[in-house]
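Asker: Let me see the structure of the following:
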Amino acid sequence: MKNNIGKLKDCYGCGVCTAVCPVKIINLKENAGGFYSPQISNEEKCINCELCLKVCAFNHKELSLQNAIPKSYAGYSKNDIIRQRCSSGGVGFEIARFLIEKGYKACGVRYDISNERAEHFIASSVEEYTPSIGSKYIQSFSQTAFSEISRKEKYFVSGTPCQIDSFRRYIRHLKIEDNFILLDFFCHGVPSMLLWRDYLHNVEKEIGKAGFVSWRNKTNGWHDSWNMNVDPVESNDIDWHNSYNINILEKNTSTNPDGRAEIYSINFS
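Answerer: This next block holds a predicted model:
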């Protein structure tokens, strides 16, 4: 076996190795346990560059960010609707919005209802980035977005600590670290995608095909926000399928007692 990511028994599934591989033979796929892990598609094409191992957070005991002086701040979005829709005060979204307005692109995570998964994606505008609002408590598929990042542009990238640690090694190797602002968060691990789909499909037996999914939903109040919200496609007269249509069009929804949805405008200023 050549000296590549395939020699590791376990890993975090961050997906950065798929982006750094110069011959593009590494793909992020679900393993038998339902977790994303890298798989070598053609061992013979491996050129033994070992870049996949060099950027891998799992393959290093030390953190990529060293000799940094920590500073602590507290904050939250001043926009009531942003705080309502976000999981933890909306700071991540506000940082992304500020940087997008400064010319950065933003790489965050949205939930893809058709593929039943969370996935990283790249946005060039605040409207495009709104599907990132709200935490997704499942492992994100990062290969496509990380592979699309350009070396010549500036980015804001958010992700789990393992994703960001590996990603920092990646951009440091490319000598483009100054073009990036990285954000991670406290993480307690992710469940298996097998568990997630089993849960989702059991819910769909009761409500029909899911059209919208959200975690830490505040519909029943701020202090009961451990709730998950899974809405069927036919739950109201709003098309949730259309690429998070409500968010992108800067609209918010609430449901009347009779079940009819109302739409309210959101002002992000």
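
Asker: For the rest of this, base every contact and every neighbour count on C-alpha atoms.
Answerer: Fine.

Asker: can you map out the strands along the stretch 1-150 of the chain?
Answerer: Per DSSP state E, counting those that start in this stretch, the stretch 1-150 of the chain carries strands over the ranges 26-30, 36-40, 105-112, 117-123, 140-141.

Asker: Please state the mean pLDDT value computed over the first one.
Answerer: Going back to what we said before, that points to strand 26-30. Mean pLDDT, strand 26-30: 96.

Asker: Between strand 36-40 and that strand, find me the angle.
Answerer: 140 degrees (axes from the mean of the first three to the mean of the last three CA atoms, to 10 degrees).

Asker: what bits of the stretch 101-250 of the chain have low per-residue confidence?
Answerer: Within the stretch 101-250 of the chain, the stretches with pLDDT under 70 are 224-225, 234-250.

Asker: And the helices in it, which stretches?
Answerer: 126-129, 143-148, 161-173, 193-207, 245-248 (DSSP state H, counting those that start in this stretch).

Asker: Mind putting those helices into CSV with mean neighbour count?
Answerer: Shown next, in CSV, are the helices of the stretch 101-250 of the chain (neighbours: other CA atoms under 10 Å):
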stretch, mean neighbour count
helix 126-129, 19
helix 143-148, 18
helix 161-173, 21
helix 193-207, 14
helix 245-248, 18
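
Asker: Which one, of these, ends up nearest to Leu53?
Answerer: Closest to Leu53 of the helices of the stretch 101-250 of the chain, according to CA to CA: helix 161-173, at 9.8 Å.

Asker: which residues sit against the closest one?
Answerer: Here helix 161-173 makes contact (CA atoms under 8 Å, 6 or more residues apart in numbering) with 12, 14-16, 20, 54-58, 63-65, 157-158, 177, 182-187.

Asker: ok so, going back, quick one: which of the strands of the stretch 1-150 of the chain is nearest Lys71?
Answerer: Per CA to CA, nearest to Lys71 of these: strand 105-112, 23.4 Å.

Asker: ok, and what's touching the closest one?
Answerer: Contacts of strand 105-112 (CA under 8 Å, 6+ apart): 96, 99-100, 117-125, 129, 131-133, 136, 140, 145, 153-159, 213.

Asker: Generate a PyMOL selection restricted to the buried subset of those residues.
Answerer: A single PyMOL command selects the buried members of the contacts of strand 105-112 (16 or more other CA atoms under 10 Å):
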select buried, resi 96+99+100+117+118+119+120+121+122+123+125+129+131+132+133+136+140+145+154+155+156+157+158+159+213
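
Asker: just to revisit the earlier point, let me have the helices of the stretch 101-250 of the chain in TSV, extended by distance to Arg110.
Answerer: As requested, those are exported to TSV (distance: least, CA to CA, whole Å):
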stretch	distance to Arg110
helix 126-129	9
helix 143-148	11
helix 161-173	16
helix 193-207	15
helix 245-248	12
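
Asker: Among the ones you listed, which comes closest to Leu28?
Answerer: helix 143-148 (6.4 Å).

Asker: Quick one: list the elements packing against the closest one.
Answerer: In terms of contacts (3 or more CA pairs under 8 Å, 6 or more residues apart in numbering; DSSP states H and E), helix 143-148 is packed against helix 16-20, strand 117-123.

Asker: now these in CSV, with distance to Asn42?
Answerer: CSV is the format used below for those (distance: least, CA to CA, whole Å):
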stretch, distance to Asn42
helix 16-20, 13
strand 117-123, 25
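
Asker: For Ser41, which of those is the nearest?
Answerer: Closest among the helices and strands packed on helix 143-148, once you apply CA to CA, is helix 16-20, at 11.1 Å.

Asker: List the buried residues in that closest one.
Answerer: Buried residues in helix 16-20 (16+ other CA under 10 Å): 16-20.

Asker: Report the contact partners of Val23.
Answerer: By CA under 8 Å, 6+ apart, the contact list for Val23 reads 45-47.

Asker: Which among these count as buried?
Answerer: Cys46.

Asker: Let me know the closest of the contacts of Val23 to Ser192.
Answerer: Nearest member of the contacts of Val23 to Ser192, counting by CA to CA, is Cys46, at 29.3 Å.
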